[in-house]
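Q: give me coordinates for this.
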Amino acid sequence: MSASRENPVYAHDTLEFVAVAAEYCALLEKSEEQTEETFVDTLLKLLPLLYMKAQLLPEVETNGAFVPDDQVTEDDYNYVRNGAYRLLHEHDEYEMLVWDEDMQTEESRWCSVSEGLADVYQALRNFVAVYQQRVEACMPDALWQLRDSFELYWGQNLLDTLRQLHRIRYKEGPPDSL
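A: Now for the predicted structure:
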């Protein structure tokens with residue numbers, strides 16, 4: 001059996017995820033080169049692919065000894081968020097109903113597409129950085145951390161953002177009706 005099959009950090013599905021995640025990060029880092037239409041159309045292709053590839057990531061066991069430091073600074077996050085906002089400003093904010101577990105009711109909350117994109121970017125960029133730097137000791141922990149944060153946070157965030165991007169692309173009425 002080859003080493004790549006024995007080690008989940010080099011598994012085919014992991015490396016494919018790294019490639020798609022790097023493409024997503026590059027898109028957000030170069031948003032100033034995009035039009036709104038191209039940006040949204042590309043995201044509508046990348047986000048479902050990211051979600052699917054995240055589902056295929058192998059499970060890893062870790063003791064957390066080598067959890068990598070975050071690579072995304074507050075300035076990086078704001079740069080990506082502001083770039084997305086610049087393109088989507090008319091459509092950036094949207095209202096969403098969310099289930100409040102404590103109150104057992106739905107409540108309305110205002111959300112931001114650019115913030116959702118930046119939140120996903122932060123998780124993916126931190127993960128991709130470990131692979132780009134080839135910090136092999138950190139790779140299992142980075143993979144574990146990515147899967148864990150996908151399940152707890154950024155997976156749902158990706159879906160919520162994708163839903164709004166779909167509305168932006170295929171809207172059937174004025175922006176107020178979204």
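
Q: alpha carbons only for contacts and neighbour counts from here, please
A: Noted.

Q: that's a helix at L165, yeah?
A: Yes: L165 forms part of a helix when assessed by DSSP: H, G, I helix; E, B strand; the rest coil.

Q: so it sits against V40, correct?
A: Yes: L165 lies in contact with V40 (CA atoms under 8 Å); the separation is 6.5 Å.

Q: contacting residues for the residue nearest to the spatial centre of the chain?
A: Using CA atoms, centre = their mean, the residue of the chain that lies closest to the mean C-alpha position is V120, 2.6 Å off. Listed by CA atoms under 8 Å, 6 or more residues apart in numbering, the contact set of V120 reads 154, 157-158.

Q: if we go to 10 Å?
A: With contact taken as CA atoms under 10 Å, 6 or more residues apart in numbering, V120 is in contact with 21, 24-25, 47, 149-150, 153-158, 161.

Q: buried residues in the host helix or strand of it, which are they?
A: Mapping V120 onto the secondary structure by DSSP states H and E places it in helix 113-133. Under the neighbour-count criterion of 16 or more other CA atoms under 10 Å, helix 113-133 has 113-131 buried.

Q: now the element after that helix, going C-ward?
A: If you walk from helix 113-133 toward the C-terminus, the next helix or strand you reach (DSSP H and E) is helix 139-149.

Q: now do the buried residues in that next one.
A: 139-147.

Q: follow-up on the earlier one: so the helix holding V120 versus helix 139-149, what angle?
A: The directions of helix 113-133 and helix 139-149 differ by 160 degrees, with axes from the mean of the first three to the mean of the last three CA atoms, to 10 degrees as the criterion.

Q: mind saving the C-alpha coords of helix 113-133 as PDB?
A: Output of helix 113-133 as PDB, limited to C-alpha atoms (Å, rounded to 0.1, in the frame of the first residue of the first chain):
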ATOM      1  CA  VAL A 113     -23.000  37.600   2.200                       C
ATOM      2  CA  SER A 114     -19.600  39.200   2.400                       C
ATOM      3  CA  GLU A 115     -19.200  38.200   6.000                       C
ATOM      4  CA  GLY A 116     -20.300  34.600   5.200                       C
ATOM      5  CA  LEU A 117     -17.800  34.400   2.400                       C
ATOM      6  CA  ALA A 118     -15.100  35.800   4.700                       C
ATOM      7  CA  ASP A 119     -15.900  33.300   7.400                       C
ATOM      8  CA  VAL A 120     -15.600  30.400   5.000                       C
ATOM      9  CA  TYR A 121     -12.400  32.000   3.700                       C
ATOM     10  CA  GLN A 122     -10.800  32.200   7.100                       C
ATOM     11  CA  ALA A 123     -11.300  28.500   7.800                       C
ATOM     12  CA  LEU A 124     -10.100  27.400   4.400                       C
ATOM     13  CA  ARG A 125      -7.200  29.800   4.200                       C
ATOM     14  CA  ASN A 126      -5.900  28.700   7.600                       C
ATOM     15  CA  PHE A 127      -6.100  25.100   6.400                       C
ATOM     16  CA  VAL A 128      -4.500  25.700   3.000                       C
ATOM     17  CA  ALA A 129      -1.600  27.600   4.600                       C
ATOM     18  CA  VAL A 130      -0.500  24.500   6.400                       C
ATOM     19  CA  TYR A 131      -0.400  22.600   3.100                       C
ATOM     20  CA  GLN A 132       1.400  25.400   1.300                       C
ATOM     21  CA  GLN A 133       4.000  25.700   4.000                       C
END
